[in-house]
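Colleague: Quick one, what's the 3D model for this:
(chains A and B)
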Amino acid sequence: MATAERLVRSWMASEKDSEVDESVAGISSGQLTLLEIIKALGEFLTSEEDRLRAKGVEFLSSILGRCPHEKLNRQAVGVLTKFYCSKLEDLETIIPALKGLCHLVKFPNVQSADAKDILDAIFANVKMRALVQSIRFYVFTIVESLLSTHRGTLKEMGSMFLSGYVNLAVGEKDPRNLMLAFSIARVVLVEFDTSAHTEDFFDITFCYFPITFRPPPDDPYGISADDLKQSLRLCLSATPALGPLGIPVFLEKLTAGSPATKRETLHVMSICLPVYGPVVTHEFGKKIWSSLKLEIFQPTDPTTEQSALDTLQVLVRTIHADTSRDTVGVDSIASLARDICSECMQTLKEPEKAQARAAMKVVCVFAGADGPLSSFAVSQATELLIRNFHDPDEVSNRASIVTLLTELIDACRGDATHASVPQVSVLSSSPLAASKDALLGLLIVGLKAPATRLPALHGLNALVRTPTLVADEELGYIVLEVSELLSQEPDEVEDVTADTLTLLSVIAAIAPHHLSSQTLPILFSSLPDDAPSRDAAAQRASYWRALSALSILCVQPQLFETLVIRLTTKLDLLCVISPTRTTDEESTAAYAHAILTGLANTLDTKVSSKDVDVPKYADQLLPHMFRLYLDSALASSEVVAVAADPRLLQVGARIIRLVSETLNVAQQEKLVTAVFAAYMQGDVKPVTNGLLNSIAPFAPFHLNASSRQRNSLTLFSSTIIPLRKEVRIPVNNLSTFLSELVAWSDSSSSTSFQQEAALHTLASIVNKHVEDASGFLSSQLEDYWSSRLNSTSIPVEVRKNAISTWIPITRALLVRSHSSAHAFIDHLFELLDDNTVDWDAARALGLLASEDPVLTKRNAAVLKILHVQKYFNGVMPRLLEGAKGVSGSRRETAYLVGLASLINAVPKAVYVTQMPSLMPLLLRGLDLADPSIRSHIINTLSNNIDITSADNATVSMYASTLVLAMLKNCMYSEMPDPGVRAAALKYLALLPGTVRYDLLHPYKAGVLKELAKALDDPKRVVRKEAVNARTNWFKYNG
Amino acid sequence: MTGEIFNANPTVYALSKRSTRKSKFEAGRSLWVDEHDQPKLTDESDIEPIDQDEIFDLIRSIADPEHPNSLEELRVVSAEQIEIGHNHILVEFTPTVPHCGMSTLIGLSIRVRLMRSLPQRFKVDIRVKPGSHQSELAVNKQLNDKERVAAALENATLVGTLEKCLEPVGEHGSL
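Modeller: Prediction:
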């Protein structure tokens, strides 16, 4: 007792939270009882002084809020209920009493009689308008709790409760309270008999529609407009009774609202109409349609238009909801739907007009509905359009008609283009089935005229993609007609080749036999046996057209096999080694090159889509390739050997790489063993599958090897590049092999083509087999470094060459974050102090971070994540340090070049934080003589302008310098390199969007005047950038 | 703007493919099919003069003042309606209806775009296609009179409307 007294008194004096805590702790542990506290509080609870009374109740309520629920029995709850209800009558204690009740109703021992008493007392005494938001929140919480625990009692209260609650809720504005009010309203509307109070509930829900609430920036409750919208939607769609009152509200908002309101209204209508039911919807149907019509036929924006279409779909479904189940037939279609249909048909009579498209969208919505309505609308529209198509007066509108029909076909299939339309089940026949023949005929007719050709192709495409609609023989017919387009001259056909091929490749996936019997023969026949002569440009264009078409169509396995056989046969004939120079060698080589390119393109598509039939071509195609190329490589330089041309070798290498990439370890091992046998031991039998029997020795690695043999190393490297790291390289000592390779590449007779092949091989092997190459690496770091890179006694060209060899080795180590990479990088830094090769070494530092085609995931390279970042973080500070000086020495410039190359090579996220300190250096770099460095820097600046736009202090600070520097770099008279000019103009175009107008205002007139000169640049690309830049500067205003 | 709509339901045409310039192989200048036939920016020798297609590229994307369509879609302008001579350009355009009150505005937006985008050495004539507009002479006069164009560009409201027409840009975010 004494404790209770003490706690109460000290609370009354201090109002400290600790007293409440202590009391609750006492009650929980059993040392105190609630009764004791109430007794101790006694005098305050009944005190004459308002302030003391309120404080007393407040203390009790605070304790209740934290008191364990099991500590109050039924009697106690009952007594407390009575007590609080009586305190509600007292103006002074109403606030703490509501708080107490709010806690009390959560106790499980609240009886239904208590619940009724509480509500009665609240209804009788609480004047919501007199209370602040947080107290009103207690009231809503009380109602909500009781609604969930004593729903039955509340239902029994009936009208009392409903009207009482409506009085409480009316006029509420606070978002937190509204969230509660909406959820209460939803429950009441769904579960209670509100028929007598529909209008009241309509008033306290629809008055909030549409929600325009925007949360304040520091909203403590985190209620978003979306939360409110969601719960209001649930209220509005709670009961059909709201329909007759609600729909007029929707329609009114739809005519008057902003686009956002319109979209929200349309969305809510889509939710509400099914609930309101067919009868009400039908009653308002005409009015709804006329509102929707406005949104569809005169759309404000595409999203609203789509929402209106969605709502229309719901409308149509709703009015047919009760009929479509039992009566199936045309009679079941509501008159409204008929009216809408006939309105659309009227519009469709002018298919070329913009409104016709809108009307077609409506028909498409109908096509997505189920049952008779879908076929009714579709058949009406197709009949009308087909009739129109054949009407001689309407010939000029045929293209539009076909386009409209295509949309309809797409809608009937219900695929991605009309995402809102659910999939028409495969079992039910497509609504198009009836008019399929007419449609097909129409589309084929459409193919014949240039104006309708493109839309007809799209239509056919839509048709064949509809599952089960088109029969096999009909596909054959389509292929026959469409293939004709491919054989026509390109000028006559207004470039529909791409769409023709798209259609045919769709069919190729379904029915390849039609293509192999009808399309491929046409295409193969347009490939001549001999290369067209030098001046026959038209024939060349024609064979390339055929080859491109073939490479697109023959992706399907069966067709690809045919393609490989036909094309390799053609190649064999073309690449025959002839001792006399009678034929036009270059034309033939170009033709063979085109054939190989076509083949490689198809393979590329197949590899990218992971087709499983690619690996088998390691046996079927690769030996053929090797025979072709090695045969030519072995030929003496006196005779004509087309396949020895480096350009052909390059495509061949691409084919080998593509096939090799798809092989598994065992298959790759087999291939690489055969290739090594040929290149190292001169045994060409295994790799050509015995097809090649040559007497001349094949020894490309020999120092005196012919140039043709040396060139063929590119095939060797393309076999090695995609090897997995598990595949062993079949040599005795890898280090020796690599050193030989470097020596071969460095030899004075090597061309850059041969070097590239060697260096690719080098990079790939070092990357995947670094453990076996430690001897090679150390000899590089010591002997090679001192005798080549760092030797001042040898010619500069040789040293530059050595740097190019250095780069792939270093990069191979770098991408796998190998520790020895540092030593290689350090040596490059040493070269920055060397006056003869400093710029080359500097550029190399950038190249190390650049993407390359060899060390990629696709080629199974060993890659560590974030290796670029690590490299950047290691190298950047050193470059910054070196470039910072302002003495203008050669060494500084070299560091600057390194810096510019590096930044250009790495992704911008890597260096964006350092941009402020980099900016002055980059600006200095703009004065460097090398155009490639300049364009690197300008590109870097452009890439960063958008990042810095949020905090564009860096750009703004240098804005005037930048403008002048760029103007200097974009003039034809001052900068001969068009790439730099274009980059500078691009940057100038970006500036107005980034920098505050007042900073650049003094320059505007001058920039416009200077840019007028750039408009007359001899290069089209540059002019285009100049136009952009100048337009942006014209629009640049304060 | 008066709010009157002169042609509420215009015919919308499909866009022709974007003019693709021929690669060296297609133009018959090279025997070799080159997959990556990018116009080399470092190639300093070639001079590419301004041609019909380039001018059309400049004006095709201008928006119609009445509709959310481009002038190209409504066939108000086309590549064939552009003539280019030595330092002289003639652009013809076809209003969608003969009583179109927007013709002057369309013509003016074409003029402004070309004024901003072409070197000053060119003299630009802009005309309504003969027989396509009821007050053809008046429109032509308005559009080709230096003073009148300058006066029109002093009018802030008009310039605002013009900028709106000129706002849309081509496919790749550029003209």
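Colleague: Residue A:684 versus the residue most central in space within chain B, what's the distance?
Modeller: Of all residues in chain B, the one closest to the mean position by CA atoms, centre = their mean is residue B:59, 2.3 Å from it. Between residue B:59 and residue A:684 the distance is 62 Å, computed by CB to CB, to the nearest Å. All C-beta spots, glycine's among them, are computed from the backbone N, C-alpha and C.
Colleague: which phi and psi does residue B:92 have?
Modeller: Backbone torsions for residue B:92, taken as degrees, to the nearest 10, come to phi -110, psi 140.
Colleague: for residue A:973, same thing?
Modeller: Here residue A:973 shows phi and psi, under degrees, to the nearest 10, equal to phi -70, psi -30.
Colleague: which stretch of helix or strand covers the residue of the stretch 851-1000 of chain A found nearest chain B?
Modeller: Of the residues in the stretch 851-1000 of chain A, the one nearest chain B is residue A:979, at a distance of 3.7 Å by CB to the nearest CB. Here residue A:979, judged by DSSP states H and E, is contained in helix A:978-994.
Colleague: do the next helix or strand after that helix and chain B meet?
Modeller: Using DSSP H and E, the next helix or strand after helix A:978-994 towards the C-terminus is helix A:997-1014. Yes - counting by CB under 8 Å from any CB of the partner chain, chain B has neighbours in helix A:997-1014: A:1012, A:1013.
Colleague: Return helix A:997-1014 as CSV; C-alpha atoms alone will do.
Modeller: Extracted in CSV, the C-alpha atoms of helix A:997-1014 (Å, rounded to 0.1, in the frame of the first residue of the first chain):
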residue,chain,number,x,y,z
TYR,A,997,22.4,29.7,-67.3
ASP,A,998,23.8,32.7,-65.6
LEU,A,999,27.3,31.2,-65.6
LEU,A,1000,27.4,30.8,-69.3
HIS,A,1001,25.3,33.7,-70.4
PRO,A,1002,28.3,35.8,-71.5
TYR,A,1003,29.2,33.0,-73.9
LYS,A,1004,25.9,32.3,-75.5
ALA,A,1005,26.1,34.7,-78.5
GLY,A,1006,29.7,33.7,-79.2
VAL,A,1007,29.0,30.0,-79.0
LEU,A,1008,26.1,30.3,-81.4
LYS,A,1009,28.2,32.2,-83.8
GLU,A,1010,31.1,29.8,-83.7
LEU,A,1011,28.8,26.8,-83.9
ALA,A,1012,27.3,28.3,-87.1
LYS,A,1013,30.7,27.6,-88.7
ALA,A,1014,30.7,24.0,-87.4
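Colleague: Quick one: list the elements packing against the helix or strand following it.
Modeller: Toward the C-terminus, helix A:997-1014 is succeeded by helix A:1020-1035 as the next helix or strand (DSSP H and E). Contact partners of helix A:1020-1035 among helices and strands, from 3 or more CB pairs under 8 Å, 6 or more residues apart in numbering or on different chains; DSSP states H and E: helix A:978-994, helix A:997-1014, helix B:52-59, helix B:103-117.
Colleague: circling back: please tell me I have it right and the residue of the stretch 851-1000 of chain A closest to chain B contacts residue A:930.
Modeller: No - between residue A:979 and residue A:930 no contact is recorded; they are 11.9 Å apart, counting by CB atoms under 8 Å.
Colleague: Distance check, residue A:542 against chain B.
Modeller: For residue A:542, the distance to chain B equals 11 Å [CB to the nearest CB, to the nearest Å].
Colleague: residues in contact with that residue?
Modeller: If you count contacts by CB atoms under 8 Å, 6 or more residues apart in numbering or on different chains, residue A:542 has them with residue A:526.
Colleague: Helix or strand: which one has it?
Modeller: Assigned by DSSP H and E, residue A:542 falls within helix A:537-553.
Colleague: the inter-axis angle of the very next helix or strand once past that helix versus helix A:537-553?
Modeller: The first helix or strand that comes after helix A:537-553 along the chain, using DSSP H and E, is helix A:557-574. Computed by axes from the mean of the first three to the mean of the last three CA atoms, to 10 degrees, the angle separating helix A:557-574 from helix A:537-553 equals 150 degrees.
Colleague: For chain B, give me its nearest residue in the stretch 1-150 of chain A.
Modeller: Among residues of the stretch 1-150 of chain A, the one nearest chain B by CB to the nearest CB turns out to be residue A:133. It sits 44.6 Å away.
Colleague: Same check on chain A?
Modeller: Nearest residue of chain A to chain B, counting by CB to the nearest CB: residue A:537, 3.1 Å away.
Colleague: and chain A, what are its domains?
Modeller: Under the assignment automatic domain parsing, the domains of chain A span A:556-718, A:731-906, A:938-1035.
Colleague: Tabulate those domains (CSV), appending mean neighbour count and mean pLDDT.
Modeller: As requested, the domains of chain A are arranged in CSV below (neighbours: other CB atoms under 10 Å in any protein chain shown; pLDDT from 0 to 100):
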stretch, mean neighbour count, mean pLDDT
domain A:556-718, 19, 89
domain A:731-906, 18, 90
domain A:938-1035, 19, 85
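Colleague: I'd like those domains as a markdown table, with distance to residue A:401 appended.
Modeller: Written out in a markdown table, the entries for those read as follows (distance: least, CB to CB, whole Å):
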| stretch | distance to residue A:401 |
| --- | --- |
| domain A:556-718 | 33 |
| domain A:731-906 | 47 |
| domain A:938-1035 | 38 |
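Colleague: Nearest to residue A:191 among the ones you listed would be which one?
Modeller: With CB to CB as the measure, domain A:938-1035 is the member of the domains of chain A nearest residue A:191 (51.0 Å).
Colleague: The closest one: how far from the chain's middle?
Modeller: Here the centre of mass of C-alpha atoms in domain A:938-1035, compared against the chain's by CA atoms, centre = their mean, to the nearest Å, lies 30 Å away.
Colleague: Start and end of it, how far apart?
Modeller: Its start and end residues considered, domain A:938-1035 measures 23 Å (CA to CA, to the nearest Å).
Colleague: Backbone torsions only: list them for residue A:170.
Modeller: Note on residue A:170: backbone dihedrals following degrees, to the nearest 10 are phi -60, psi 140.
Colleague: Switch the helices and strands packed on helix A:1020-1035 over to a markdown table; also include distance to residue A:316.
Modeller: Supplementary listing: the helices and strands packed on helix A:1020-1035 in a markdown table, determined by distance: least, CB to CB, whole Å:
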| stretch | distance to residue A:316 |
| --- | --- |
| helix A:978-994 | 46 |
| helix A:997-1014 | 53 |
| helix B:52-59 | 43 |
| helix B:103-117 | 40 |
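Colleague: just checking, residue A:175 touches residue A:214?
Modeller: No - between residue A:175 and residue A:214 there is no contact, the gap being 10.2 Å when judged by CB under 8 Å.
Colleague: Give me the more crowded residue out of those two.
Modeller: Here residue A:175 and residue A:214 are set side by side on neighbour count (other CB atoms under 10 Å in any protein chain shown), and the busier one is residue A:175, at 19 against 9.
Colleague: which residues does that one contact?
Modeller: A:213, A:215, A:221, A:223, A:228.
Colleague: so what's the last one up against?
Modeller: This points to residue A:228. Taking CB under 8 Å, 6+ apart as the definition of contact, the neighbours of residue A:228 are A:175, A:178, A:179, A:182, A:208, A:211, A:213.
Colleague: Check the fourth one too.
Modeller: Counting by CB under 8 Å, 6+ apart, residue A:223 touches A:175, A:176, A:179, A:215.
Colleague: Next step: those restricted to helices.
Modeller: A:175, A:176, A:179 (DSSP state H).
Colleague: Would you tell me which of the helices and strands packed on helix A:1020-1035 gets closest to residue A:612?
Modeller: Ranking those by distance to residue A:612, with CB to CB as the measure, places helix A:978-994 first at 43.2 Å.
Colleague: and the closest one, what other elements does it pack with?
Modeller: helix A:931-945, helix A:953-969, helix A:997-1014, helix A:1020-1035.
Colleague: Alright, calling it a day.
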